[in-house]
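Participant: starting from these lines, generate the structure:
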Amino acid sequence: FTGDACDLYDRYCTSSDLSQLKCGMIVAVSTHPHTAAGSIWGHVGIFVGDGTVLDSVYGYVRTSSLKDWMDFYGVTVPVKWGWLGNVQVV
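Facilitator: Here you go, the predicted model:
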């Protein structure tokens with residue numbers, strides 16, 4: 001699957017209902033105000049369970065709490081989630 005975080009947000013992230021969030025789903029925003037790139041392309045991570053999101057920042061994989069990730073990135077548009085490519089990971 002290709003695209004930047006903005007594309008993935010628009011194509012695959014359809015829910016902001018926490019009861020629908022499952023391990024393996026992508027979490028994304030289409031824009032955020034913290035970097036020039038983020039304002040254009042957004043940001044995406046992977047929910048790995050136990051309230052944890054993995055993402056890549058400045059060339060390394062980072063672990064964040066879902067709450068912190070949502071608080072930081074969700075200031076311009078709502079954070080949403082869904083299955084990448086609409087393919088559910090079992």
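
Participant: so where's this protein shaky on pLDDT?
Facilitator: The chain contains no residues with pLDDT under 70.

Participant: how about the helices in it?
Facilitator: 5-12, 36-41, 66-73 (DSSP state H).

Participant: dump the residue contacts of Trp69.
Facilitator: Counting by CB atoms under 8 Å, 6 or more residues apart in numbering, Trp69 makes contact with Val27, Gly45, Val53, Asp55, Val79. In short, each C-beta sits where N, CA and C put it, glycine included.

Participant: can I have the buried ones of those as a PyMOL selection?
Facilitator: To isolate the buried members of the contacts of Trp69 in PyMOL, using 16 or more other CB atoms under 10 Å:
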select buried, resi 27+45+53+55+79
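
Participant: show me which of the contacts of Trp69 is closest to Ser39.
Facilitator: Nearest to Ser39 out of these is Val79 (CB to CB; 15.7 Å).

Participant: isn't that closest one right up against Ile26?
Facilitator: No - with contact defined as CB atoms under 8 Å, Val79 does not reach Ile26; the gap is 10.7 Å.
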